[in-house]
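Participant: quick one, fold the following:
(4 chains)
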Protein chains: 4
Amino acid sequence: MGSVWGNRLKISVFGESHGEGIGVVIDGFAAGFEVDFDYINKFLKRRAPGGRLATDRSESDIPEVLSGIKENFTTGAPICAFIRNTNTRSSDYQDNLINPRPSHADFNAYIKYNGYSDQRGGGHFSGRLTAPLVFAGALCSDYLEKKYGVKIGAHIKRVGEITDDDLDLANIDINLADKLKQSEIPMINSEKAEEAGVYIATLKDMGDSAGTIIECFVLNVPAAIGEHMFSSVESNIASCIFGIPAVKGIEFGRGFDFAKMRGSEANDEFYYDDNGKVKTKTNNNGGILGGMSSGMPIVFSVVLKPTSSIFSEQNTINIKNKTNEKFTVKGRHDPCIGLRAVPVVECVTAIALADLLFGLRYEQ
Amino acid sequence: MGSVWGNRLKISVFGESHGEGIGVVIDGFAAGFEVDFDYINKFLKRRAPGGRLATDRSESDIPEVLSGIKENFTTGAPICAFIRNTNTRSSDYQDNLINPRPSHADFNAYIKYNGYSDQRGGGHFSGRLTAPLVFAGALCSDYLEKKYGVKIGAHIKRVGEITDDDLDLANIDINLADKLKQSEIPMINSEKAEEAGVYIATLKDMGDSAGTIIECFVLNVPAAIGEHMFSSVESNIASCIFGIPAVKGIEFGRGFDFAKMRGSEANDEFYYDDNGKVKTKTNNNGGILGGMSSGMPIVFSVVLKPTSSIFSEQNTINIKNKTNEKFTVKGRHDPCIGLRAVPVVECVTAIALADLLFGLRYEQ
Amino acid sequence: MGSVWGNRLKISVFGESHGEGIGVVIDGFAAGFEVDFDYINKFLKRRAPGGRLATDRSESDIPEVLSGIKENFTTGAPICAFIRNTNTRSSDYQDNLINPRPSHADFNAYIKYNGYSDQRGGGHFSGRLTAPLVFAGALCSDYLEKKYGVKIGAHIKRVGEITDDDLDLANIDINLADKLKQSEIPMINSEKAEEAGVYIATLKDMGDSAGTIIECFVLNVPAAIGEHMFSSVESNIASCIFGIPAVKGIEFGRGFDFAKMRGSEANDEFYYDDNGKVKTKTNNNGGILGGMSSGMPIVFSVVLKPTSSIFSEQNTINIKNKTNEKFTVKGRHDPCIGLRAVPVVECVTAIALADLLFGLRYEQ
Amino acid sequence: MGSVWGNRLKISVFGESHGEGIGVVIDGFAAGFEVDFDYINKFLKRRAPGGRLATDRSESDIPEVLSGIKENFTTGAPICAFIRNTNTRSSDYQDNLINPRPSHADFNAYIKYNGYSDQRGGGHFSGRLTAPLVFAGALCSDYLEKKYGVKIGAHIKRVGEITDDDLDLANIDINLADKLKQSEIPMINSEKAEEAGVYIATLKDMGDSAGTIIECFVLNVPAAIGEHMFSSVESNIASCIFGIPAVKGIEFGRGFDFAKMRGSEANDEFYYDDNGKVKTKTNNNGGILGGMSSGMPIVFSVVLKPTSSIFSEQNTINIKNKTNEKFTVKGRHDPCIGLRAVPVVECVTAIALADLLFGLRYEQ
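Facilitator: Numbers count the residues shown, from 1 in each chain, chains lettered A, B, ... in the order given. Next up is the predicted model:
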């Protein structure tokens, strides 16, 4: 309900963009895991603001661990991590409840919380709330990698009219995940990445913003995780992914392209490979059949709408006066929130899979 | 967890395609609601097999109410509805655990349940399990309509290369929902519907199948339902929609098209209409902002992959002999499962929204 | 929420005393378990009405399995069992919503469900709803016994002024559980059992009823099941046990007697036994420390209030006329519901422990 | 699951006795409630250590609000409160995982968490974790009082052989709750309170400890809150109350005394009082019928075992050497944890009732 998610692994997210800070409680994580803070901080840094293609707000985003980790090892008790806000300029946001920003949560939050919602910088609805998700997810990612060899990667599949090279869904290089993590703009095709950089920089100069598709892949997930119907891998990932602000769609495998395909093209035929492992020749289903992992790469794409905060004049209402007004958004904002969302999508995926893997039956 | 879904309104789905039958328990439904079985049966009939464009399996699908309704009124106690299977031909399916059907759940289920899964006709993974979802959802739909004036409709947006007319997301005719419900192929453009019929009939003759995009719209949802982050309207609908077999993607509003758009095109600007009601000029966000309903039409699209059961020879494995084999699927199957999925999508949407509406705070 | 319980093992109970029947859906049970229907039916028979010390209502209570079991083996899909009502005399109950029976749910249900609750025979609040709990719990009990050697037993600790012999909590004979199951009145001391029989028979003749304390013990539970705080073994068992009608209290180990004790008397000191197994000299804590199983017998007591349906004239209200009235309960009722509750307590305990055991982490 | 509890109102507790601190995230609390920190701090102060009858550990226990409250009003976003630990002496506890303390969680936690559990001062199992429960519960208590006029009170019903005066369950003075909150030893009979003080002081001098029964009452709860079966008021309160360390039993109304009673004595007869309000002449059921509130005072008792940390030499094991050993507990401990548990029981009750009240259906 609300900002709590999960079954075997429960996360509880709290905080506001311009309040004391943001944080997460992680309940159900395995005991005795040595936490690699460097690993986590790399993810946090990739998500953090700053750089020529992002907002000018600069936050160091160093989490303080308040519980659950002792001498770098998880204890089995709930883990709480807190990131204190430092660089806030709330004055930019004071009118959000009077002049709700188009395509933001302001208006709905005003109605829902009778005007008491803290909408400075978006408050609890801010993209800043993804930092605690990254903390929790990076911890899970590291765990899945060390325990199961799971590798999670993601690339920008599309921004504006620029599209990256296609992945071969049935055959993804294990090194691709780490390679992409090192790029400012994580795309397979570096020329396209350069084009994307120019496009985003241009939009930034114009005070405009870009939408994005992020494609995420997960290698080495054991077959047959995921439960019946509503706890399918798809349901589990989707319900958690839609917790990321600005996400407006998710598709698994060939996704919406399935509508153009025939069954005879779409089906993934099984075979034993030379090592006696069951595989499928194609992987149009994105590694998920009947809601369960098939052992093939899990692949899905997520779309993020263009950052809603743009710097041109827009129409909105004045709730106090009940009039229509023109207004211009203040604050510091990303021209393409999708860039910083790449590690967030990876991390949320790690959380969703950890929840399913921790739920594996004792006797399996 | 598994086949149970919901918070305030909990549904628990059970049954198999070729077992005794299929059913659902609905816990948390309001007391004192007069159940309109005609209303429900119309939905069940739209979902039921039969007709020139569907499988030849014919099931009357008449639900028996086992609890929770007395003299046609809901009592507040859990409602159980059960549909007994009648027309099963299990012999068609006996080899599913030995020769797993491509793109079906058979292989994963074999692994997960150590060979004990009932995969006749797909067992608990069968599309047949959507009949109890329709029972539960039609009940919710009727309730939402009578209590809140909510109207849910859906059309086939795409099948193969045939695409229906676009909806104007900000301005949807209240009568469209009912009008679409009366068509064999629910499309806005009747010529396109005819083309689609020909296309599907051709595929049926070829023993092949088609994928589909279904676009669903919901009118008159009060503003500000949906909770923070993981209980957003999007998370709630998505987690329930992915419980429908063959669904591989969901997008809200302009969805994946957002990647091509700029913020200045994508943003939905607020205004007071002549009646003093807050609206947005466009509705690219599909009626959901910050995870909460905005009062504008809720619109989303769902993609279903082509029916996996096709009648041409395919490659698969023989689990017993650990060999690669050719085989041909038996049984009776739909050439375009998406047609019968239209009422299912409507019903699942009703369930997801009822769960959020029932959860509205007492003091709001 | 309501009649759904559990995390890893979810049960969903439905039905009414005088409706079509009663049933349960069990989601999350292991696949490949051979179901021993004789084992289950013995539990159902112990719970069933009939006999000189029980109600005259006679129900065969034979469950029909609607899903999840194929050729006697669990398939991993949700298991639904349904018991059709046969011997109902609803005319006895028609006035429950007008003259609410003292100490029953009638009045509250009337308020909560605006007069639409089905209160014939108590409806969904009836003790009859424990039959599906017994089905689910007997299945779990058999599973726990075969997989872990767990043995669950229970005796009548007190009825009226008659008290059974004390258990030595630290040292319970493994054969006691089965031995007690064979008695009409399950008490350790057979003379006391005879006294209890006379007492209950006398109350039956008088149209009065008796309260009871049932003490339940569980042997061979592995150490360290149960989670932090609210998922302690105590919380888990208690939240499920209070789902049994008429239960008004639960205490673990020495329970309420702890208030009279000093720490120096109450503490259970650890030691290694001759086989190197860690035990405690005493077991005042009833096998649960810090909310987790200690490996010692789990022991707790449950109190059931006297059957509320008695045959003497009582005062109540007339809701329709808003007057105070005298009235006499009709129907057929147990003089001591606690007798038939013994297998129910055992079964609910099995459900609660199965939920915790199924939740054991993969890597433990 | 673990340290997360609730449906409509979710709390997530974290922290350890000797770590950075302890805290709670509260998700689902109403927006726009003015937080009275004085009210909350009075509860925290009553729970805090210090005073002649408690441990010498002194903690100021001032919570820092990290989120969800802005300018003293709740915003509707998750509320996080954190209490930093200041006065810790971990050296006293370093051997808990080698010499597990009798009747504590140490041994089980060692097994469950493979030796990685932080057991200094009991870690996450410490009674100190009740401080965040008090923060959350005091907030709920204030809310319930202001919105519904609900009053929650509690007294020490028994400590050792000293028993307080009986409450008349059907007729409790509205002023009693506040009056009891002002006493060092909250008992109705002040002479008994004095006796209790002497008894506890004597045990403290002896290095021994006392168990306690706390009786809690709640006035002005509207009729018909609580859901079917497993979400009964009893299940809800019990599952939350057993999250308090040292609680070993709970009984509602006459509780275990019901076993001695006949139905004709036990039943609570309905009547209309002079104002036309439905009441019961007696309130043996403690204000709960069929799992729902009846509108009469909710009354229940909770037993806490004697503080497990006593200062005499005890037997335990040495896990490292696998030997039996004598040892003496170090640290600072309460001779009667039950005294400080009184506000905790009140607060947990407020949480459990707020969860049910927030869950009331919109249309009721």
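
Participant: mind naming the longest helix for chain A?
Facilitator: What stands out as the longest helix in chain A, according to DSSP state H, is helix A:337-358.

Participant: quick one: is that helix near chain D?
Facilitator: No. Using C-beta under 8 Å from any C-beta of the partner chain, helix A:337-358 stays clear of chain D, with a minimum separation of 10.3 Å. (Each C-beta comes from the backbone N, C-alpha and C, glycine too.)

Participant: what mean pLDDT does that helix have?
Facilitator: Helix A:337-358 carries an average pLDDT of 96.

Participant: just the CA trace of it, in PDB.
Facilitator: Coordinates of each C-alpha in helix A:337-358 appear next as PDB, following Å, rounded to 0.1, in the frame of the first residue of the first chain:
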ATOM      1  CA  ILE A 337      15.200  12.200 -16.900                       C
ATOM      2  CA  GLY A 338      15.600   8.900 -18.800                       C
ATOM      3  CA  LEU A 339      19.400   9.100 -18.700                       C
ATOM      4  CA  ARG A 340      19.500   9.100 -14.900                       C
ATOM      5  CA  ALA A 341      16.700   6.500 -14.800                       C
ATOM      6  CA  VAL A 342      18.900   3.800 -16.300                       C
ATOM      7  CA  PRO A 343      20.500   2.700 -13.000                       C
ATOM      8  CA  VAL A 344      17.100   3.100 -11.300                       C
ATOM      9  CA  VAL A 345      15.500   0.600 -13.800                       C
ATOM     10  CA  GLU A 346      18.400  -1.800 -13.200                       C
ATOM     11  CA  CYS A 347      18.000  -1.500  -9.400                       C
ATOM     12  CA  VAL A 348      14.300  -1.800  -9.300                       C
ATOM     13  CA  THR A 349      14.700  -5.000 -11.400                       C
ATOM     14  CA  ALA A 350      17.100  -6.300  -8.900                       C
ATOM     15  CA  ILE A 351      14.600  -5.700  -6.100                       C
ATOM     16  CA  ALA A 352      11.800  -7.400  -8.000                       C
ATOM     17  CA  LEU A 353      13.900 -10.400  -8.800                       C
ATOM     18  CA  ALA A 354      15.400 -10.700  -5.300                       C
ATOM     19  CA  ASP A 355      11.800 -10.700  -3.900                       C
ATOM     20  CA  LEU A 356      11.000 -13.700  -6.100                       C
ATOM     21  CA  LEU A 357      14.200 -15.500  -5.500                       C
ATOM     22  CA  PHE A 358      14.000 -15.100  -1.700                       C
END
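
Participant: who in the stretch 51-200 of chain A is up against chain D?
Facilitator: Checking the stretch 51-200 of chain A against chain D by C-beta under 8 Å from any C-beta, the hits are A:64-68, A:70, A:73-80, A:82, A:109, A:112-118, A:123-124.

Participant: ranges for the strands of the stretch 201-350 of chain A?
Facilitator: Assigned strands in the stretch 201-350 of chain A, in chain order: A:212-219, A:247-252, A:270-272, A:278-280, A:288-289, A:292-293, A:298-304, A:314-318, A:323-327 (criterion: DSSP state E, counting those that start in this stretch).

Participant: out of the ones you listed, nearest to residue D:133?
Facilitator: Each of the strands of the stretch 201-350 of chain A has some distance to residue D:133 by C-beta to C-beta; the shortest is strand A:247-252, at 34.6 Å.

Participant: tell me the angle that closest one makes with helix A:337-358.
Facilitator: When axes from the mean of the first three to the mean of the last three C-alpha atoms, to 10 degrees is applied, the directions of strand A:247-252 and helix A:337-358 differ by 50 degrees.

Participant: tell me what strand A:247-252 is packed against?
Facilitator: helix A:233-241, strand A:298-304, helix B:233-241, strand B:247-252 (3 or more C-beta pairs under 8 Å, 6 or more residues apart in numbering or on different chains; DSSP states H and E).

Participant: try it again at 10 Å.
Facilitator: strand A:212-219, helix A:233-241, strand A:298-304, helix A:337-358, helix B:233-241, strand B:247-252, strand B:298-304 (3 or more C-beta pairs under 10 Å, 6 or more residues apart in numbering or on different chains; DSSP states H and E).

Participant: strands paired with it, and their directions?
Facilitator: Applying DSSP bridges to the sheet, strand A:247-252 is found paired with strand A:298-304 (antiparallel), strand B:247-252 (antiparallel).

Participant: and it, C-alpha only, in CSV?
Facilitator: Taking C-alpha atoms only, strand A:247-252 is exported to CSV below (Å, rounded to 0.1, in the frame of the first residue of the first chain):
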residue,chain,number,x,y,z
VAL,A,247,7.4,5.7,-16.3
LYS,A,248,4.4,5.3,-18.6
GLY,A,249,4.8,1.8,-20.1
ILE,A,250,6.6,-1.5,-20.0
GLU,A,251,6.8,-4.3,-22.5
PHE,A,252,8.5,-7.7,-22.2
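
Participant: what mean pLDDT does that strand get?
Facilitator: Here strand A:247-252 scores 98 as its mean pLDDT.

Participant: how about the residues of the stretch 201-350 of chain A near chain C?
Facilitator: Taking C-beta under 10 Å from any C-beta of the partner chain as the criterion, the neighbours of chain C within the stretch 201-350 of chain A are A:227, A:228, A:229, A:231.

Participant: chain D next: which of these are close?
Facilitator: Of those, not one also sits near chain D (C-beta under 10 Å from any C-beta).

Participant: so, low pLDDT: which residues of the stretch 251-364 of chain A?
Facilitator: Applying pLDDT under 70 to the stretch 251-364 of chain A flags residues A:359-364.

Participant: how about 90 then?
Facilitator: Confidence mapping of the stretch 251-364 of chain A against pLDDT under 90 gives the ranges A:329-334, A:357-364.

Participant: which parts of it sit against chain D?
Facilitator: So the stretch 251-364 of chain A never meets chain D (C-beta under 10 Å from any C-beta).

Participant: and the residue of the stretch 251-364 of chain A closest to chain B?
Facilitator: Per C-beta to the nearest C-beta, residue A:290 is where the stretch 251-364 of chain A lies closest to chain B, at 2.2 Å.

Participant: for that residue, give its distance to chain C.
Facilitator: 12 Å (C-beta to the nearest C-beta, to the nearest Å).

Participant: quick one, helices of the stretch 151-300 of chain A?
Facilitator: Per DSSP state H, counting those that start in this stretch, the stretch 151-300 of chain A carries helices over the ranges A:176-181, A:190-206, A:233-241, A:263-266.

Participant: between those helices, which gets nearest to residue B:304?
Facilitator: The nearest among the helices of the stretch 151-300 of chain A, by C-beta to C-beta, is helix A:263-266 at 10.7 Å.

Participant: go ahead and confirm residue A:170 touches residue A:271.
Facilitator: No. Using C-beta atoms under 10 Å, residue A:170 makes no contact with residue A:271, being 11.1 Å away.

Participant: now the common contact residues for the two.
Facilitator: Counting by C-beta atoms under 10 Å, 6 or more residues apart in numbering or on different chains, the contacts common to residue A:170 and residue A:271 are A:279, A:280, A:281.

Participant: got JSON lines for the helices and strands packed on strand A:247-252, with mean neighbour count too?
Facilitator: Output for those, formatted as JSON lines (neighbours: other C-beta atoms under 10 Å in any protein chain shown):
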{"stretch": "strand A:212-219", "mean neighbour count": "24"}
{"stretch": "helix A:233-241", "mean neighbour count": "28"}
{"stretch": "strand A:298-304", "mean neighbour count": "27"}
{"stretch": "helix A:337-358", "mean neighbour count": "26"}
{"stretch": "helix B:233-241", "mean neighbour count": "28"}
{"stretch": "strand B:247-252", "mean neighbour count": "28"}
{"stretch": "strand B:298-304", "mean neighbour count": "27"}
